[in-house]
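>>> Here is a sequence with its predicted model. Questions after.
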Amino acid sequence: MKNLKILSTLMLICTASFGQMTSYSYTSSSGTFAAVTGGTDINSIEANDQISLVLPIGFSFNYCGINYTKFRANSNGWISLDTTITPSVSDQRTNNLSGNTSLGPVLAPLWDDLDGTTGTASYTTTGSSPNRVLTVEWKNWEWNFQATSATVSFQLKLYEGTNNVEFVYRPESGSVVSGTASVGIKDTSAGSGNFISLSALANTATASKTIETTSINAKPISGQTFLFTRCNANIDQVGALCANSAPIFSNSGSGLPSGGSSAFFVNGTAQSSFDPTTQSIGNHTLMFTYATSSCTDTNKQVIRVDSVTQIQFSMPSSICSNIDTFQLNGSPIGGNYNGQGVLAGSNNLLPSSFTNPSVEIITYSFTNAFNCSDSISMFYQIDTISKSTVSVSNVLCDNTPSFNLTGGTPAGGNYFGSNVSNSMYTGGVIGADTVYYNYQASNGCADTSYAAITINSSPGLNFTDIGRFCENSGFITLNTASPSGGVYSGPGVVGTTYTPSVPGTDTIKYVITNSNSCSDSAFQYVNIDSVTATSLAGMGPFCDNATAIALNTGLPIGGVYSGNGVNGINYSPSQAGVGFDTLSYTFTNGLLCKDSSFVLVRVNPSPTVSYSGDLEFCLNDMEQQLTGAVPLNGKYNGVGVNSTAGRFDPKAAGAGTHSITYVLTNGNNCSDSASVIAQVIENPVFSLGEDIEICGDESTELDPGIDSVNYIWSSGETSRKIMVKESKVFSVTVTDTVSGCKSSDEIRVEYDAICVSINEDLKESTSISYFPNPTNGMLMLKLEGLQVQNIELLILDMTGAEVFSTVIEIHDLNQEAPIDLSELESGNYLIRMRTNSGAVVHKITKY
């Protein structure tokens, strides 16, 4: 809850363009500063001396009698409700509530030369209509621009409906540097009475409308709040009234805040209402004032009273309902008629729309150029009568017999006309005629209806012989009757076609109806002869590249074959082409009647195979996938060809020239093939020889022994011969410079930097061995034939450095001794034994 303390009350008189006065009173209190969350960033003013683009308030805010929906915010702690301003930097940073007129209406929570570099500015509109609130926030602002850290945060709030203005503050950790701020609100004018200036950012602040405080330099307490409360005198804006409009009463106005008093003035005189019916035509001044103990507001408007045009309108006392249209005549013309049965937008009354007797009312209203209306309402009686009807065929022929007229409703009326006598109608004379029916109701309303009749002549008819036909002749167009346009009927007749089907005689009838709907008819007899039945056995299907087929399945013998691809008694699928062909067999009997039988023959497409471009392979190539033939999914055949896998093995085929054929059979079991030549070329033949061992300063030359080829060694060299002096497997690939076929060979070279040796005297009398070799750590020395003595063992790495030594006592001619090499790194070593008879060197491997 806010701790409210009213420090002072001051009215700011705002002058609108038409002289209306709007007042604000001021109070201060301690509340809570609630920082904006989720607002819209105004990052354009988060710097020094910057003004924002036009921003939306979110509702209509009335300030000094003018409604505003937009604003612009400034980095120097103020907003303007005039969005058209283009202020200079000096006007933006120089606080001047009392004298500056270039910024429009200004609301200034803290107007000084501020800086928003360290802060964030944002705005948000919260709540729902009609109680929304706009909050504009300057958060962590530097006061003034020379400050090095955030000094103060402050908010400006605009309230919908009450049009109140509120400032809320929160101090920050930084210090004020040379503060000279103004706090307050102003209208568009300069001088006393056009602003409210607060003396400090504290509950003890006083307010002035004559003297502006421009030296505020002390930070506020957190939650410091200043509220500028608007006095609102509210009454609907009228604009114009007609001379016959309802009065406006003084109690139709209202004011805020509640608890005040109001007054109502018409043309400067206190009145309780404004009655247009008693006022003269023209403009009148209506003023509504509302005042409380702290503020006053006036709502002033000019009301124009416009004249009303006098009108005249009358109606007969009764109207019969069978009148189709009754014209309504009100004056002046151009008004609107309203009432049951009136055709919208016209001056026509439709009595026929009423089904029951009734008393009705019609109102005529007229609106003049001032949009002022007057109206007259008239009552009248609707007398109903059932609408009479008479039903007679509207077209008769000159031979139609006389007949009684019975189609008039309601019953009880009278028929009359030139060819009517005692309700009997007699035609016979070609031309037009009319039958009338009159019915009179008990209320005096009468209704007469009529039916128009046309007497037409009957048509003449000529129907000649149709002809003689075979039973299978198919449909015949019927066209021997005249005039045309009639209807044929009989066995096998559909429309104007006749289809014979059974040997014998058919009777065909022709009926013609002329344009006057009169008819005539005639008959003809048709003789139908039999046919000899034929048959034709089915055949196929065939491939389009098949040879000609003899035709001999038609019965009875002696008929004629025909169809696409038929030549006499032969059928050529290739000539017929792919698709379905209909072959026919026709036989003509002695009555010249023909019969035909048909079979549907299918000619399937054979695939068109394309396989070109001769192939080359090297003899030692791997098995190759055969490609290039199209369409796919066929089979390759030939020497060295795996037909199932579609692969060619040069080794299986052997060197030389081979034919490879591609055969494709499609889903219709039709085939095609194509062939290419495959050349298999022998690869170069050479050998690097057996593996070689060298040691010490020895080296060896490797030579494939073949010319006219390109060489590539595993060492990267491309010469024919190379010199090597290392342990390694060397390989070389030679490529025939003409065919491109390749061959490879490899040789292992074993090289020891130190040549392993043994003294010849020692070798003849002694056997020395080491096992296991290679070893993972424990090596056994086995000696045979060595006399009793002490021997010295030295172990050298491959660089010749000593890595291990020991002395072993020999006390038996056959002796084994363990040597622990677990401390040595994995690798190759030389072990040297010194005895009384000489020395021996062996190679061992530790893994």
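Received it, and whenever you're ready, just let me know what you need. Numbering: from 1, shown residues only.
>>> Only C-alpha atoms from now on, for both contacts and neighbour counts.
Will do.
>>> worst-scoring helix or strand of this structure, pLDDT-wise?
Of the helices and strands making up the chain, the lowest-confidence element is strand 3-5, at a mean of 34, by mean pLDDT, DSSP states H and E.
>>> what are the ranges of the helices in the stretch 451-600 of the chain?
573-576 (DSSP state H, counting those that start in this stretch).
>>> before we move on, what about the stretch 601-750 of the chain?
650-653.
>>> Residue ranges in it under the pLDDT threshold?
696 (pLDDT under 70).
>>> One more: the chain?
In the chain (pLDDT under 70), the answer is 1-22, 294, 428, 696, 752-761, 763.
>>> next one: phi and psi at residue 825?
phi -70, psi 160 (degrees, to the nearest 10).
>>> I'd say it and residue 846 touch.
Yes - counting by CA atoms under 8 Å, residue 825 does reach residue 846; the two are 7.2 Å apart.
>>> Those two: who's more crowded?
Between residue 825 and residue 846, counting by other CA atoms under 10 Å, residue 846 is the more crowded of the two (19 against 12).
>>> That one pairs with what?
Residue 846 forms beta bridges with residue 775, residue 827, as assigned by DSSP bridges.
>>> where's it relative to residue 775, distance?
5 Å (CA to CA, to the nearest Å).
>>> Check residue 398 too.
Applying CA to CA to residue 398 and residue 775 gives a distance of 138 Å.
>>> Please name the residues that touch residue 465.
By CA atoms under 8 Å, 6 or more residues apart in numbering, the contact set of residue 465 is 480, 524, 525.
>>> So what would you say the end-to-end distance of stretch 789-807 is?
10 Å.
>>> Give me the contacts around it.
Counting by CA under 8 Å, 6+ apart, 753, 808-811, 824, 828-836 sit against stretch 789-807.
>>> and which of the residues you listed is nearest residue 598?
Closest approach between the contacts of stretch 789-807 and residue 598, by CA to CA: residue 828, at 95.8 Å.
>>> which one of the contacts of residue 465 sits closest to residue 582?
Using CA to CA, residue 480 comes nearest to residue 582 of the contacts of residue 465, at 34.6 Å.
>>> Around the closest one, count how many other residues there are.
15.
>>> doesn't residue 463 make contact with it?
Yes - the criterion here is CA under 8 Å, and residue 480 meets it with residue 463 at 5.9 Å.
>>> how far away is residue 74 from residue 182?
Counting by CA to CA, the gap from residue 74 to residue 182 is 14 Å.
>>> wait, I meant residue 415
From residue 415 to residue 182 the distance is 104 Å (CA to CA).
>>> ditto for residue 628
From residue 628 to residue 182 the distance is 93 Å (CA to CA).
>>> and what of residue 106?
12 Å.
>>> which residues are in contact with both of those two?
Joint contacts of residue 106 and residue 182 (CA under 8 Å, 6+ apart) are residue 97.
>>> Confirm for me that residue 819 is in contact with residue 776.
No - using CA under 8 Å, residue 819 is not in contact with residue 776; the gap is 11.6 Å.
>>> any common contacting residues for these two?
With CA under 8 Å, 6+ apart, residue 819 and residue 776 have no common neighbours.
>>> Now for the residue nearest to residue 309 when sequence neighbours are not counted, how many residues are close by?
Using CA to CA, 6 or more residues apart in numbering and skipping the chain neighbours, the partner closest in space to residue 309 is residue 368 (6.4 Å). Neighbour count for residue 368, taken as other CA under 10 Å: 16.
>>> mind checking how far residue 368 is from residue 375?
12 Å.
>>> what's the residue nearest to residue 500 when sequence neighbours are not counted in contact with, if anything?
With sequence-adjacent residues excluded and distances taken as CA to CA, 6+ apart, residue 500 is closest to residue 471, at 5.2 Å. Neighbouring residues of residue 471 by CA under 8 Å, 6+ apart: 500, 501, 502, 503, 528, 529, 530, 531.
>>> Highest neighbour count among those residues?
The contacts of residue 471, ranked by neighbours (other CA under 10 Å): first place residue 500, 24 neighbours.
>>> Spit out the contact partners of that one.
469, 470, 471, 472, 473, 474, 475, 492, 528.
>>> again, but for residue 55
70, 71, 72.
>>> Could you rerun that using 6 Å?
70, 71 (CA atoms under 6 Å, 6 or more residues apart in numbering).
>>> go on, the one 5 residues further on?
Contacts of residue 60 were listed using CA under 6 Å, 6+ apart, and they are 67, 68, 69.
>>> Please say which of residue 415 and residue 182 ends up with more neighbours.
With neighbours defined as other CA under 10 Å, residue 415 and residue 182 compare such that residue 182 has more, 27 against 24.
>>> Make sure the more buried one is indeed in a strand.
Yes - counting by DSSP: H, G, I helix; E, B strand; the rest coil, residue 182 is part of a strand.
>>> Bridged to it, which residues?
Residues in beta-bridge contact with residue 182 (DSSP bridges): residue 111.
>>> doesn't residue 212 make contact with it?
No - taking contacts as CA atoms under 6 Å, residue 182 lies outside contact range of residue 212: 7.4 Å.
>>> What about the contacts of residue 471, which are in strands?
Using DSSP state E, the subset of the contacts of residue 471 located in strands is 528, 529.
>>> Now the contacts of residue 471 in a markdown table, please, with extra columns for distance to residue 513.
Formatted as a markdown table, the contacts of residue 471 follow (distance: CA to CA, whole Å):
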| residue | distance to residue 513 |
| --- | --- |
| 500 | 26 |
| 501 | 29 |
| 502 | 30 |
| 503 | 32 |
| 528 | 29 |
| 529 | 33 |
| 530 | 35 |
| 531 | 37 |
